[in-house]
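Participant: Pasted the sequence and its predicted model underneath.
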Amino acid sequence: MIIITQTGIAQNHNVVKKPEMLRHMKRQEIRIPDIQGYETLKCDFHMHTIFSDGDVWPTVRVQEAYYEGLDAIALTDHIENQPGKKYVGGDQNSSYEIALPEAKKRNILLVKAGEISRGMPPGHLNALFVDDVTKLDVPDYMDAIEEANKQGAFVFWNHPGWQAQQPDTNKWWDVHEEIYQNGWLHGVEVFNWDEYYPVAFEWCNEKNLAYLGNSDVHMASAYRFDLENHRRPMTLVFAKDRSLGALKEALFAKRTVAFFTDEMAGPEALLSELFNASVTVHQPFNVENGTAHFEISNPTNLTFILENEDPTNGAPGKIEIAPRSSVIAQCNLKNGKAVLPYAATNLYTGKTSNLMVELEVKE
């Protein structure tokens, strides 16, 4: 006689889950020091959703911002260009209203905003901290910009070198001068998408306008940017605290730096503070016959590329201090110390100028 038995592990034959296939998302914290008693906020003030010509729902932008380490964002859908409106309905305030509960849940500061999108001049301008975006949908662009300012908006000029609007030049038009003289223009986007505009650095310096760097992302950010090797472009804002009121005050006070790839552009004083708060030169060692080794540490997510301005000091011609790392270098000492002048070639203070720093080495 043959007896057949069945053994096995009990399981649910209706549903068998495979959780190992899922990606477990974690927020990628971006380590950038606070400076001057202010909190450093990582921000992106230019992005689009399905409510203009973007590809994603507003809540997705909040989720991306959270996981990619941002603190504040603005959904700046085109005010005049809404190709999806017949499918999704709503108005120019809808993307903000839909995203706001998600932003509150994830502790993301969400700025109510819109993009005034006209031909050149004046081109495209973002209006942040508006009360009602629909009131900016008027025929005359000057009326739209004036209305934004009446609502207390922070207004900045987007992608001034965008070749679709300025194919052969990057010009500050008479119209921009008029807007500026009226007190209606407060910043310039010096970096957008995958390009930056050195001439715009000079405009910011000469006219005391805020430096801004933003993604202008339309598709999913992970599709658009190489997030494995670079951060998305952003604006660093140095605010009194993590609140919308403090964020707005800091923008109007021009306490901003554009951060893109491994580079930054902004006022000299702010870049200098960031460098000094990030980099530590430690006490020299292996001191012998007037030379010494010394270590430079950088616990932040910033990169510093330094070029020696004095070839006689025995220090390296170039030092690259990668994020969250240390490097060892050598130099000559005189009376037990050395002050080594370097140009930070990836920190821009103007169209043709870089931040100058000093590494002080002393026993």
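Facilitator: That came through, no problem.

Participant: Going toward the C-terminus from the helix or strand of the chain with the lowest mean pLDDT, what's the next helix or strand?
Facilitator: Counting by mean pLDDT, DSSP states H and E, the weakest-scoring helix or strand in the chain turns out to be helix 85-88, with a mean of 89. The helix or strand immediately downstream of helix 85-88 is helix 94-105, counting by DSSP states H and E.

Participant: ok, and what's touching that following helix?
Facilitator: Helix 94-105 has contacts (Cβ atoms under 8 Å, 6 or more residues apart in numbering) with 49, 51-52, 57-59, 61-63, 73, 75, 77, 88, 108-110, 112-113, 133. Backbone N, C-alpha and C define where each C-beta goes, glycine included.

Participant: Got a quick PyMOL command for the buried subset of the residues you listed?
Facilitator: Filtering the contacts of helix 94-105 down to the buried ones (16 or more other Cβ atoms under 10 Å) takes a single PyMOL command:
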select buried, resi 49+51+52+57+58+59+61+62+63+73+75+77+108+109+110+112+113+133
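
Participant: Tell me which of the contacts of helix 94-105 fall in strands.
Facilitator: Of the contacts of helix 94-105, the ones assigned to strands by DSSP state E are I73, L109, L110, A113.

Participant: Which residue, other than its chain neighbours, is closest to the last one?
Facilitator: Right, A113. Leaving aside its sequence neighbours, A113 sits nearest to A74 (Cβ to Cβ, 6 or more residues apart in numbering; 3.9 Å).

Participant: beta partners for the one you found?
Facilitator: In this entry, A74 is beta-bridged to V111, by DSSP bridges.

Participant: Go ahead and confirm it touches A127.
Facilitator: No. Using Cβ atoms under 8 Å, A74 makes no contact with A127, being 9.3 Å away.

Participant: Could you name every residue contacting both of the two?
Facilitator: A113.

Participant: who's in contact with the closest residue to G84 other than its chain neighbours?
Facilitator: In space, and not counting its chain neighbours, G84 is closest to I50: 5.2 Å by Cβ to Cβ, 6+ apart. Going by Cβ under 8 Å, 6+ apart, I50 touches V56, W57, P58, G84, V88.

Participant: 6 Å - rerun?
Facilitator: W57, G84, V88 (Cβ atoms under 6 Å, 6 or more residues apart in numbering).

Participant: so can I have JSON lines of these showing distance to N335?
Facilitator: As requested, the contacts of I50 are exported to JSON lines (distance: Cβ to Cβ, whole Å):
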{"residue": "W57", "distance to N335": "65"}
{"residue": "G84", "distance to N335": "70"}
{"residue": "V88", "distance to N335": "71"}
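
Participant: per the record, what domains does this protein have?
Facilitator: According to automatic domain parsing, the chain comprises the domains 30-267, 279-362.

Participant: which of those domains sits most buried?
Facilitator: domain 30-267 (a mean of 19; mean count of other Cβ atoms under 10 Å).

Participant: What separates the first and last residues of that one, distance-wise?
Facilitator: End-to-end span of domain 30-267 (Cα to Cα, to the nearest Å): 21 Å.

Participant: cool, stretch 293-303 as well?
Facilitator: For stretch 293-303, the end-to-end distance is 21 Å (Cα to Cα).

Participant: Same check on stretch 248-267?
Facilitator: For stretch 248-267, the first-to-last residue distance is 18 Å (Cα to Cα).
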